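> All I have is the shape, not the residue letters:
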């Protein structure tokens with residue numbers, strides 16, 4: 001009787017370390033199936049949502065979203081291993097926070113230890129051990145990585161006119177074929193919509209995560225406009241919005257964000 005292979009995501013913005021890690025994993029864990037590779041944090045997060053791998057190996061320093069940003073979005077439901085060239089202070093922080101890591105260049109013996117820990121956790125199907133300080137640790141480490149200020153204005157072409165849309169007035173973004181639909185409720189000019197060419201996954205890296213929540217692979221919403229989260233059935237949830245008829249889907253990964261007190 002065959003068993004479904006375990007799956008993994010590898011993300012590193014440098015091709016050589018990514019290839020070296022993949023080769024080392026093939027030796028240390030030949031049954032593991034690499035279902036996605038990414039060269040930046042934006043693509044890594046998008047690939048995670050698409051493939052839902054059972055383990056992720058993330059470089060820390062990547063353009064767009066850092067490995068720490070991606071890990072914070074993944075949360076505790078999927079094991080994350082950092083592949084890092086950071087200094088000793090970061091390694092000490094990982095050890096204190098029970099976060100697994102391997103140093104570049106990856107040594108096979110050290111990787112084998114990590115693999116054994118991952119296998120033990122995954123094969124028991126036990127929930128992740130509570131780590132109340134993990135998000136705080138990742139937040140602290142994430143602040144040490146310089147990031148540009150959040151996006152404040154979006155330029156959208158509407159016919160012969162280029163509109164300047166204030167990001168703070170955006171209700172939600174929605175992937176729409178080759179474009180991204182931007183739904184706005186400006187207190188001066190009123191409701192409006194526009195299509196922009198910037199992919200949703202690239203916008204995510206430029207938005208303030210405290211204001212804009214991703215709730216689906218194709219939807220990012222300004223949480224100030226959320227009225228309620230409605231569970232339609234066991235696996236389906238939608239959001240209703242204040243003063244609007246739209247109902248936005250919430251995918252399984254994000255449904256845990258909405259829990260009654």
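It's in. Just so it is clear, the model here is predicted, and its values are computed rather than measured.
> From now on I want contacts and neighbour counts done on CA atoms only, so please keep to that.
Noted.
> Count the residues that sit near residue 30.
Neighbourhood size, residue 30 [other Cα atoms under 10 Å]: 10.
> Now for it: which residues touch it?
Applying Cα atoms under 8 Å, 6 or more residues apart in numbering, we find residue 30 in contact with no residue.
> do the same with residue 149
Here residue 149 is in contact with residue 206 (criterion: Cα under 8 Å, 6+ apart).
> Quick check: it vs residue 206, distance?
According to Cα to Cα, to the nearest Å, residue 149 and residue 206 sit 8 Å apart.
> so where is the stretch 101-250 of the chain shaky, pLDDT-wise?
Low-confidence segments of the stretch 101-250 of the chain, defined by pLDDT under 70: 125-147.
> run the last query once more with 50
Residue ranges of the stretch 101-250 of the chain with pLDDT under 50: 127-130, 132.
> now the helices for it?
Counting by DSSP state H, counting those that start in this stretch, one finds helices in the stretch 101-250 of the chain at the ranges 108-124, 134-143, 200-204.
> Quick one: residues in contact with the last one.
To tie it back to what came earlier, the one meant is helix 200-204. Contacts of helix 200-204 (Cα under 8 Å, 6+ apart): 42, 43, 46, 64, 173, 174, 175, 180, 214, 218, 219, 220.
> just the longest one next, same as before
Helix 108-124 is contacted from outside by 24, 25, 28, 29, 79, 100, 101, 102, 128, using Cα under 8 Å, 6+ apart.
> I'd like to know how far the fifth one sits from residue 256.
Residue 79 sits at a distance of 17 Å from residue 256 (criterion: Cα to Cα).
> Of those two, which one has the most company?
Ranked by neighbour count (other Cα under 10 Å), residue 79 and residue 256 place residue 79 first, with 20 against 9.
> The more buried one contacts residue 56, correct?
Yes: assessed by Cα atoms under 8 Å, residue 79 is found in contact with residue 56 at 6.4 Å.
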